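Undergrad: the following comprises the amino acid sequence and a computationally predicted model.
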Amino acid sequence: MFVTKTTVARKGSTELLAHLALSSSLRIVAVSRRGLRYNSAYAPASSAEPTGWVALHVVLDGTFAAGLERSAGRAAWVYSEDDFEGCRSGRRHNFQTFGEPFWSVTVLAHETQCALTLPPDGTPRQLVTPASIFVACERYLEAVERRMPSSESAAATRALCDVFKLAGWLASDLDPVVQPIGHARISAAIGQIIGRFDPSAQLAELAERMETTPRRADRVLRVWLAAHGLPDESWRVVTRRWRLKMAVLMCSSRDYSVTEVAKLVGYTSTNSMTNAFAAAQLPPPSWFRSPDLLAGGSA
């Protein structure tokens with residue numbers, strides 16, 4: 001199972017710890033953050049074909065808001081990944097997450113392995129959630145925060161998914177840790193780049209870490225992405241979207257200046273980041289520092 005964890009930021013009251021676990025059948029994203037606000041409307045979407053994955057988003061603390069619906073504190077939501085961070089043409093609605101702190105564990109599975117019915121209009125739907133789900137997610141996040149070694153990840157993933165299966169959220173025959181064969185080298189290379197949080201890394205570096213040519217590295221990357229149910233994209237597109245997403249999120253911090261955000265995510269200058277926002281049809285970086293947004297107002 002591919003696992004990586006990154007402390008992206010820690011300054012003043014701003015903190016961001018992110019954890020990602022991938023297998024052929026499942027993705028887990030665990031987040032612990034403070035001083036930051038996320039709005040899916042400004043998360044650069046993939047232009048690739050829809051992948052058909054479903055997100056089971058369990059909030060342990062903080063606020064999840066989608067249109068007129070919102071939850072504060074413990075809550076769980078289900079939605080199609082293609083309607084939000086997936087295919088741009090499929091995006092119909094937006095949601096926001098914020099809170100001091102905001103803690104969540106999101107389990108993503110293909111729609112064929114999700115036992116829940118998605119809302120027909122694409123809006124996130126809040127779930128009636130058994131206490132066991134929250135307990136399991138809290139244990140998983142605690143393991144992430146204490147930096148559980150990769151050797152423990154498979155067991156932790158199985159334990160978490162067993163609870164989701166018992167709740168009737170995931171198919172009983174889903175194997176959460178099945179891993180494609182022959183991807184060890186590229187998994188290690190990508191893990192090192194993500195682990196040190198370097199969204200500006202070039203394809204040449206990925207190729208060097210894989211001990212191959214950039215052209216072959218890009219081909220292998222596309223096979224690796226497909227094997228994990230991710231959009232078919234080039235390294236340049238993947239890292240560009242990753243950098244933009246992190247820049248947008250970090251621009252909501254009170255503790256980081258726009259110049260510091262640009263440096264953190266790998267832009268050569270503030271102007272370079274501003275131009276990248278404009279090319280992606282996003283508001284300028286300073287817009288995300290609006291007092292209304294930082295205070296939790298609507299975006």
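TA: Now that the structure is in, tell me what you want to look at.

Undergrad: now the element after the helix or strand where Ala207 lies, going C-ward?
TA: Using DSSP states H and E, the element containing Ala207 is helix 203-210. Tracing the chain past helix 203-210, the next element assigned as helix or strand by DSSP H and E is helix 214-227.

Undergrad: got the angle between that following helix and helix 203-210?
TA: Orientation note: helix 214-227 sits at an angle of 80 degrees relative to helix 203-210 (axes from the mean of the first three to the mean of the last three C-alpha atoms, to 10 degrees).

Undergrad: export helix 214-227 as CSV, just CAs?
TA: Included here for helix 214-227 are C-alpha records, laid out as CSV according to Å, rounded to 0.1, in the frame of the first residue of the first chain:
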residue,chain,number,x,y,z
PRO,A,214,11.9,11.3,-18.3
ARG,A,215,9.8,9.9,-21.2
ARG,A,216,9.6,6.5,-19.6
ALA,A,217,8.9,8.0,-16.2
ASP,A,218,5.9,9.8,-17.6
ARG,A,219,4.6,6.6,-19.2
VAL,A,220,5.1,4.7,-16.0
LEU,A,221,3.4,7.5,-14.0
ARG,A,222,0.2,7.2,-16.1
VAL,A,223,0.1,3.4,-15.5
TRP,A,224,0.6,4.0,-11.8
LEU,A,225,-2.2,6.6,-11.7
ALA,A,226,-4.6,4.3,-13.5
ALA,A,227,-3.7,1.4,-11.2
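
Undergrad: elements contacting that helix?
TA: Using 3 or more C-beta pairs under 8 Å, 6 or more residues apart in numbering; DSSP states H and E as the contact test, the elements touching helix 214-227 are helix 184-195, helix 203-210, helix 235-250. Yep, even glycine has a C-beta here, placed from its N, CA and C like the rest.

Undergrad: any idea how far that helix is from the chain center?
TA: A distance of 20 Å separates the C-alpha centroid of helix 214-227 from that of its chain, computed with C-alpha atoms, centre = their mean, to the nearest Å.
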